[in-house]
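# give me the fold of what follows.
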Amino acid sequence: MKILIIDDSNLMLNLANEILSDNLQDVMIETFQNPINALNRIKSTKVDLVITDLIMKELSGIDILRMIKSSKKLKYIKVLVVTSITDYDILTECYELGASDYILKPFNKSELVSRVKNVLKEINMQNKLEKQLENINFQHKKLSEANEKLKITQSTLIQGEQLAGIGQLAAGIAHEINNPLGFSISNLDTLSEYIKFILELMNKYEKLNIESDDINKFKIENDYDFLKDDFSELIDDTKSGLSRVKEIVKSLRSFSRVDDSDEFLDFNVNEGVKESLVITKNEYKYTSDIETKFGEISVIDAHGGEINQVLLNLIINSVHAIKEKNEREKEKGNKINRGKIIIETYEESDFVIIKLSDNGCGMEEKSLSKIFNPFYTTKPIGSGTGLGLSITYDIIVNKHKGKIEVESTLDVGTIFTLYLPISQIRVEE
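Numbers count the residues shown, from 1 in each chain. So this is what the prediction gives:
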C-alpha cells in the first residue's frame, strides 16, 4: 500500500514518516511539504491513503480533501486529516466531505500508528470486498451466459422435436394420401379411355339414323347433348384437381424431410420456396397476395428440411403481421386491403440470397435487436412462443454460416434478407 503525507512543516513530516516506517510493514511512504506538488502526485500515481495537515499556506487540507472526494477517479482514496486544534465544526466538515479520521498534533506515537492501522484495515477489507464483488459479477456474467445458452439449447430442442414430429406426421400423411391418389389417377386415365370409347360408339350409333321414340325421349330427359359435351370437361377438371393434389403431396413429402445427419446436401432454394408456398397456401390465400421473383441461382450445400422450416416461419410471420395490421385498420374503421408478400432470390458473390418482404404491421426499432432472442415475441401473450426466429437465426447463422439482415418500419412492413453460402467447404476455408 502507498501512503502520502502532506505537511508544510518539515519537522512534522520527518516525525510522521519515522514513526510509520518503524511500525508498519508492506507500505510505501512519500512526503510532501508543497501541497500542490502532492496533489499532482496523487493524480499521477495510485495512492491508498493521504495524511494531510489542515492548516497550510498554499493549499489547505480541506481543499485537498474536497478535490480528492469530488473526483470520480480519486474518491476511493482514504484521507486522514491532521490538526493541532480541536475545532469540531472544522472536523465535522471534514467528516461530511469524506475524511476517514483525524489525528492531533503534536503526534502521539501510539495514536498515530493505531489510527493509520485502522484505516489500512478498512482499505484491506474494502479491497477484499471489491474483489469478492468482482468475482460475484464475473460468476453472474458466466451464469447469465450459461442461461442464455441453455435457453437457446432448450428452444433448439423444442423446435427440433416439433420439426421432427411434424415431419414424421407429414411424411406419414403424404404416404397415406399417395397410395389412393396413385390408383385414383390411374383409374381416371382408364375411365377416360372407356368414356372415349362409349362416346365414339354413340357417335357411330347416331350415324345409323335409327329412329326410336323411346331413345329420343330418354336423350331429351337426360340432356344427352349437354352430357356428351361435359364429359371431357369433367375429366379434364378432375385430372387437374388430382394433379394439384399430387403436387401438394410431393411438396409435403419434400418439405417434411428431417435431416438425420450433419452432412450438407445439394439444395435448390427456388424449389424450397415453391414447396413452402404450397404448404402455407391455406395461411395466406385469404389475406395476402404472393409475388415471387426467382433468379438464376446455384444449388447450395444445405440441410434442406431446416431451410424449408426457416421459409415456413418467415412466411407465416408475414401473414400474421398482415392480419394484425388488418385488425388495427378494422378497429380504426379504415378500409382493409389485401396484404402483399414478395419473395426474391438472387446470387451475389459466394451467397444465394433470399429476400422476403411484407407490408404488414412492422416492428418498433427497439424490438429489432431482440427478435432473435429465444422466447422473445412481439405477439400478444399466448399467440406466439418466441422460438421461430431464434431457431431461424440458429439455422442460418450458426449451422449454415450465413447471415440475416432485418429492416422494419412500424405500420409499413418488414424485410428479411437471408444470405446462404453456396459452398460450406469454402466457408470453412
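
# tell me the domain ranges of this protein?
Per automatic domain parsing, the structural domains of the chain span 2-107, 144-258, 260-429.

# end to end, how far does the shortest one reach?
This stretch, domain 2-107, spans 20 Å end to end (C-alpha to C-alpha, to the nearest Å).

# distance between that domain and the chain's centre?
Centroid separation between domain 2-107 and its chain, computed with C-alpha atoms, centre = their mean, to the nearest Å, is 53 Å.

# dump the domains of the chain to TSV, plus mean pLDDT.
Formatted as TSV, the domains of the chain follow (pLDDT from 0 to 100):
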stretch	mean pLDDT
domain 2-107	89
domain 144-258	70
domain 260-429	85
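
# what about residue 329, neighbour count?
Residue 329 has 15 neighbours, counted by other C-beta atoms under 10 Å. C-betas here are computed from N, CA, C, even on glycine.

# ok, the one 4 residues further on next?
The number of residues packed near residue 333 is 6, by other C-beta under 10 Å.

# then the one 3 residues further on?
The local packing count at residue 336 equals 13, with neighbours defined by other C-beta under 10 Å.

# for residue 109, what are its contacts?
19, 23 (C-beta atoms under 8 Å, 6 or more residues apart in numbering).

# cutoff 10 Å now
Applying C-beta atoms under 10 Å, 6 or more residues apart in numbering, we find residue 109 in contact with 15, 18-20, 22-23.

# for those, pick the one with the most neighbours.
For the contacts of residue 109, the largest number of neighbours (other C-beta under 10 Å) sits with residue 20, at 20 neighbours.

# what are the ranges of the helices in this protein?
In order along the chain, the chain carries the following helices (DSSP state H): 10-23, 35-44, 61-69, 88-97, 109-207, 213-221, 224-255, 269-279, 281-284, 304-332, 365-368, 388-393, 424-428.

# got the angle between the third one and helix 35-44?
Here helix 61-69 points in a direction 10 degrees away from that of helix 35-44 (axes from the mean of the first three to the mean of the last three C-alpha atoms, to 10 degrees).

# quick one: which of the domains of the chain is nearest residue 136?
Closest to residue 136 of the domains of the chain is domain 144-258 (C-beta to C-beta; 12.3 Å).

# ok so, going back, just put the helices of the chain in JSON lines and tack on distance to residue 75.
Compiled in JSON lines, the helices of the chain are given as follows (distance: least, C-beta to C-beta, whole Å):
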{"stretch": "helix 10-23", "distance to residue 75": "23"}
{"stretch": "helix 35-44", "distance to residue 75": "12"}
{"stretch": "helix 61-69", "distance to residue 75": "5"}
{"stretch": "helix 88-97", "distance to residue 75": "11"}
{"stretch": "helix 109-207", "distance to residue 75": "12"}
{"stretch": "helix 213-221", "distance to residue 75": "108"}
{"stretch": "helix 224-255", "distance to residue 75": "64"}
{"stretch": "helix 269-279", "distance to residue 75": "60"}
{"stretch": "helix 281-284", "distance to residue 75": "61"}
{"stretch": "helix 304-332", "distance to residue 75": "51"}
{"stretch": "helix 365-368", "distance to residue 75": "35"}
{"stretch": "helix 388-393", "distance to residue 75": "43"}
{"stretch": "helix 424-428", "distance to residue 75": "51"}
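
# most tightly surrounded among the ones you listed?
Of all these, helix 388-393 carries the top mean neighbour count, a mean of 22, counting by mean count of other C-beta atoms under 10 Å.

# which helices and strands sit right next to that one?
Packing contacts for helix 388-393, counted by 3 or more C-beta pairs under 10 Å, 6 or more residues apart in numbering; DSSP states H and E, involve helix 109-207, helix 304-332, strand 403-409, strand 413-421.
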